[in-house]
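S.K.: With the input below, show me the fold.
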Amino acid sequence: MEASASETQGQSRAPSKQLYVATIKFTSTPFRADTVALRYLEVAPKVLDFGAQSYSFYRSDDDADKFEHISYWEDKDDFEAYWFSRKMQALRQDVQGMVEMPMLPHWHTMLENG
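M.R.: The predicted structure follows:
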């Protein structure tokens, strides 16, 4: 017997495929956040060209100097191709000195989403 729509509404579910989540968190130096954001916005959507399922790029409401880029991948190697692409290398070099620490990706495995 199948569950009705009212019974399944609001329930989270495991992703149909194994997805890896890459997060890149960084903080700009004072008075550089707008410049960093504009430069990063040029390369953030490029993840789709390298095989990401989707992405998001956030700026904190509490601290406008803090950013987070999240992307979802079926294959970590595709992310590596993006991360070491000329555009991403150029961005990391370009914003050097405008961010507090080097931008580094961190991996997570999606267990559930809704």
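S.K.: show me the contacts for Ala37.
M.R.: Going by C-beta atoms under 8 Å, 6 or more residues apart in numbering, Ala37 touches Ser28, Arg59, Phe67. Quick note: C-beta positions are derived from backbone N, CA and C, even for glycine.
S.K.: for the most centrally placed residue in the chain, helix, strand, or coil?
M.R.: Using C-alpha atoms, centre = their mean, the residue of the chain that lies closest to the mean C-alpha position is Ile70, 1.7 Å off. When classified by DSSP: H, G, I helix; E, B strand; the rest coil, Ile70 comes out as strand.
S.K.: For Asp63, see how far away it is.
M.R.: 18 Å (C-beta to C-beta, to the nearest Å).
S.K.: Reformat the contacts of Ala37 as a markdown table; add neighbour count.
M.R.: Shown next, in a markdown table, are the contacts of Ala37 (neighbours: other C-beta atoms under 10 Å):
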| residue | neighbour count |
| --- | --- |
| Ser28 | 22 |
| Arg59 | 16 |
| Phe67 | 22 |
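S.K.: Tabulate those residues (a markdown table), appending pLDDT, distance to Ala37 and secondary structure.
M.R.: Formatted as a markdown table, these follow (pLDDT from 0 to 100; distance: C-beta to C-beta, whole Å; DSSP: H, G, I helix; E, B strand; the rest coil):
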| residue | pLDDT | distance to Ala37 | secondary structure |
| --- | --- | --- | --- |
| Ser28 | 97 | 8 | strand |
| Arg59 | 98 | 6 | strand |
| Phe67 | 98 | 7 | strand |
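S.K.: Take those and lay them out in CSV including distance to Gly97.
M.R.: Shown next, in CSV, are these (distance: C-beta to C-beta, whole Å):
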residue, distance to Gly97
Ser28, 10
Arg59, 20
Phe67, 16
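S.K.: quick one: contacts for Asp75?
M.R.: Counting by C-beta under 8 Å, 6+ apart, Asp75 has contacts Tyr20, Gly51.
S.K.: swap the cut-off to 7 Å and go again
M.R.: Gly51 (C-beta atoms under 7 Å, 6 or more residues apart in numbering).
S.K.: what's the pLDDT at it?
M.R.: pLDDT, Asp75: 95.
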